[in-house]
Every structure is written in structure tokens, then in C-alpha cells.
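>>> Sequence first, then the predicted structure, then my questions.
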Amino acid sequence: MSHTIPSQRLPFHYGWLIVTSGALVLFACFGLARYAYAMLLPGMQTGLGLPYDRLGLIGTANFSGYLVSVLLAPRVLRHLRPRPLIGCGLLLIGLALLGIAGSTAFWQVALFYTLAGLGGGFANIPLMLLVTYWFHRARRGTALGLVLSGNGAGIVLSGLLIPFLNRLYGVQGWRAGWLVLGGCCLAVAGAAALLLRNSPAELGLEPIGQPDVCSPEQFVSHEGRQSGLILVLLGLVYLAFGATFMIYGTFIVTSMVREYGLSEGLAGRYWSWVGICSMFSGIIFGGLSDRIGRKGGLALVLLVQTVAYLLVGLKLGGPWLVLSIVLYGLAVFAIPTIMTAAIADYLGLARAASAFATVTLFFAAGQVAGPGLAGMLARASGSFSYAYLVSACLTLLACVAALALPHCGSGRAVAGKAEQQTGH
């Protein structure tokens, strides 16, 4: 009975509180724990005397931990509901970030950042599934876009907070940054454990949105050769996205400081622009994919990313750098938004957990390989330009893979058919 009281007292559906809580979770596990690394990297490089390739390997360590948790999450979810798993993942992240703050060697940072990546997967995967349970297809893209806006809020905070801490604490600013970020993650862990619910049924509610016309079929596993091909194509798109968006996200601040000659404060403000733009990324493109379909939505986002990588890779100058940053921010979190909705649409809710874990393996593999290879390229050439140009090629190929997907009706189209058939 106590579980039904909060939903009865709220003037809105509890699903929107799930969205708010989910955005807070991603604010911590990715916005702070992962994307703040770009802002902390120059200070860590100076403080620990690390070359470019080792900085890339630290990022690779984080994504390796994430990859392990992606493999384990479906099995863990058989025994542990999403709500406690998300809380445990955030707790692990918070403790790991506190450990980085006290690290004095490369291997220590790599170890703790691996644990942070492990916690990130245990928080993210159950959260994405949770949102699909709380929203029908017609509203799912928009809901996931709102949740993904939490990433942008974390980027904004890191872009403003880290330069301030560096000015306040000097060469120890990066340690203060990890301490503050770790404390924030621990606070969010407590909030998530308090507010999240595993399903609408726990509160006697129905998911938000028009019920799908084929809702019984969504809970049937969509097997066959076509489903296998769809899974591979989605995986390849996610692989390219994982490698390229983290190359840019990991090293763009360092590029601005080392190659463009910008001050750390100005680079931080530019990085915060990425966060501001990215807060609308999933909302804009997720809602658009509800209308034009997941296939078209994925292809459009990948084209925007291709342009962003080309602009910075060709070193066309300051205004083009700003345009690249804006385009990157507008598109950066759209792919995860559309991908989560696409998996449920194409493969059915019965396969959603296993299919999401499978494509996330591609995603994680890209994240593992991308920063490490980019760091090696930068050490060999003295610039990150080649890494950005390779990224542009990869996202263009991913666009072709997205266009090869079969047509899947948009969420609103499906909802419209439901209304016609039910006479509502």
C-alpha cells in the first residue's frame, strides 16, 4: 500500500518522475563519471606526467569495465530488479571516482576508472529497459530523449566546475574535481534508490501513451533471419557511434588547449556548450524518430556527426570549431535514444533486454577501441586531426548501414492505426 501513495498524490503520471530520476542517473553515471574526463584530462596529464597514449588507455579502461557489465547485466537482472541494480551501479561509480582522486600512478587511475565503467553499465542498461516499461511506443522516443538530457547537464556542470576548481586548487584541481564528482554520484545513488520503481504495475498504473495496436506481438520474440540482420546492422551503427563520439568527447578539450591554443577556461565554456546543446539532442531527434521512423532518424543523426568530425579534423579555424562543437552537442545523445526505441520496435519487448545487451556490446567495443587508437595516432602524428577524420569516415559508413535497415513504422503512425482500429 505504501508504494501506491506517492503516485496518488502526484498531479502527474509517475512515469514522468521515472524520466526525471533517469535523467539524474545519467547525469551522474555518464555526464559526470565519463564525460567530465575530457575536462579533467589536461590537469591529469600535467599532474601525473602521462603521454597521449596512456590518457587514451585510461579511457579504454573505463569502457572495458563498461563492456564487462554489459555482458553481466542481463544475467544479473534475472536475480536483481532494475531499481536496486541501478543504485548499486551508482554506488560503485561514486566510490571509484573518490579512489581516482587519491591515485598517484597510471595503473591506479586505470583500475578505479575500470570500476567506474563497470558501475556505469549496471546503472545504464536497467535504466534504459525501465523507461521502455513505463512508456508505450508512441511516447518512448521522447521519454528516452528526456532521460538522455541528463548527460548534457553533467557536461555543462563539468565544463564550468572543473576550471573553477583548477583556479582554486592549482595543480591539485583535478583531484578536487574527482572528489566533488564522486560525492555527487553517491548522492544520486540515494535519490535513485528512493524514487525509481521497477514497473507501472508496482503502483497500479499503465504505461504512458497510446497502447500499441500490436501490443501482444511486442511481447513475442521476433526470431528469424531478418531479425538477425537487423541486430547486426544496429550493432554496426552502435559500434561506429561508440568509437567516434568518445574520440571526440575524450580529446576535444585537449585539442582546443594544445592545438588551437585556447585557455582552459574558454575550452571549458565551449565544452559546456556541448552539454547545453546535448540536453536537447535526444529530445529533438528522439521525437523526430517517433514521426519519421527509427531508420531515418539514425541516418540523419549520423550525417550531422560526420559533418562535426570533418570540421574539426580539417582544422578550418575558430568559427568552424564552434560549429563542430554545436553540431556534436546536438547529435551526441540522439543515437542511444533512437537505438533503445528501435530495438523495442524492431525486435519486440520480449527480446529487448538481450538485444539491447547485444548491441551495447558493439557500442562498448567501439568505446574500448576508439580512445586508445586515437591516442596512439595522436602520439605518432602529434595531432588528433587524423583521428577526427577517421571518425567522419566511420559515421558515414554507419549512415549507410542505418539506411539498409527495413522500414519500421514510427511510433505515432502505429498509435494512429490503433486509434482507427479501436474507433477512439
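Arrived safely.
>>> and the nearest residue to Thr244 once chain neighbours are set aside, what does it touch?
Nearest residue to Thr244, sequence neighbours excluded (C-beta to C-beta, 6 or more residues apart in numbering): Ser391, at 3.8 Å. Yep, even glycine has a C-beta here, placed from its N, CA and C like the rest. Ser391 sits next to Ala243, Thr244, Ile247, Tyr248, Tyr309, Gly313, Gly370 when contact means C-beta atoms under 8 Å, 6 or more residues apart in numbering.
>>> what's the answer for Phe363, then?
Val70, Tyr238, Leu239, Phe241, Gly242.
>>> Would you mind measuring from the last one to Gly249?
For Gly242, the distance to Gly249 (C-beta to C-beta, to the nearest Å) stands at 11 Å.
>>> Of these two, which one has the most company?
Set Gly242 next to Gly249 and count neighbours by other C-beta atoms under 10 Å: Gly242 wins out with 26 against 23.
>>> doesn't Leu361 make contact with that one?
No: taking C-beta atoms under 8 Å as the definition, Gly242 is not a contact partner of Leu361, at 9.9 Å.
>>> Just the pLDDT at the nearest residue to Ile155 once chain neighbours are set aside, thanks.
Distance criterion C-beta to C-beta, 6+ apart; nearest residue to Ile155, sequence neighbours excluded, is Gly275 at 2.9 Å. Reported pLDDT at Gly275 in the predicted model: 85.
>>> now swap in the one 5 residues further on and tell me
Listed pLDDT for Phe280 reads 80.
>>> residue contacts, it?
Phe280 neighbours (C-beta under 8 Å, 6+ apart): Ser149, Gly152, Leu330.
>>> Help me confirm that the first one comes into contact with Gly275.
Spelled out, that is Ser149. No: checked against C-beta under 8 Å, the pair Ser149 and Gly275 is beyond contact range at 9.7 Å.
>>> who does the helix or strand containing Gly59 touch, helix- and strand-wise?
Following DSSP states H and E, one finds Gly59 within helix 52-76. Judged by 3 or more C-beta pairs under 8 Å, 6 or more residues apart in numbering; DSSP states H and E, the packing partners of helix 52-76 are helix 37-48, helix 82-101, helix 106-134, helix 225-258, helix 352-381.
>>> buried ones in that helix?
Of the residues in helix 52-76, 52-70, 73-74, 76 count as buried by neighbour count, 16 or more other C-beta atoms under 10 Å.
>>> can you check stretch 36-56 too?
By 16+ other C-beta under 10 Å, the buried positions in stretch 36-56 come out as 36-45, 47-48, 50, 52-56.
>>> just stretch 381-396 next, same as before
Quick answer for stretch 381-396 (16+ other C-beta under 10 Å): Phe384, Ser385, Ala387, Tyr388, Leu389, Val390, Ser391, Ala392, Leu394, Thr395, Leu396.
>>> same question for that stretch, mean pLDDT?
Computed over stretch 381-396, the average pLDDT equals 92.
>>> so where is the stretch 301-424 of the chain shaky, pLDDT-wise?
The model of the stretch 301-424 of the chain has pLDDT under 70 over residues 349-350, 352-353, 408-424.
>>> how about the helices in it?
318-331, 334-347, 352-381, 385-403, 411-422 (DSSP state H, counting those that start in this stretch).
>>> Export these to a markdown table and append columns for distance to Ile86.
Below are those laid out as a markdown table (distance: least, C-beta to C-beta, whole Å):
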| stretch | distance to Ile86 |
| --- | --- |
| helix 318-331 | 26 |
| helix 334-347 | 15 |
| helix 352-381 | 14 |
| helix 385-403 | 29 |
| helix 411-422 | 25 |
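>>> Between those helices, which one is closest to Leu181.
helix 352-381 (18.8 Å; C-beta to C-beta).
>>> List the residues that contact the closest residue to Gly117 other than its chain neighbours.
Leaving aside its sequence neighbours, Gly117 sits nearest to Gly65 (C-beta to C-beta, 6+ apart; 3.0 Å). Applying C-beta under 8 Å, 6+ apart to Gly65 gives the contacts Tyr113, Thr114, Leu115, Ala116, Gly117, Leu118, Gly119, Gly120, Gly121.
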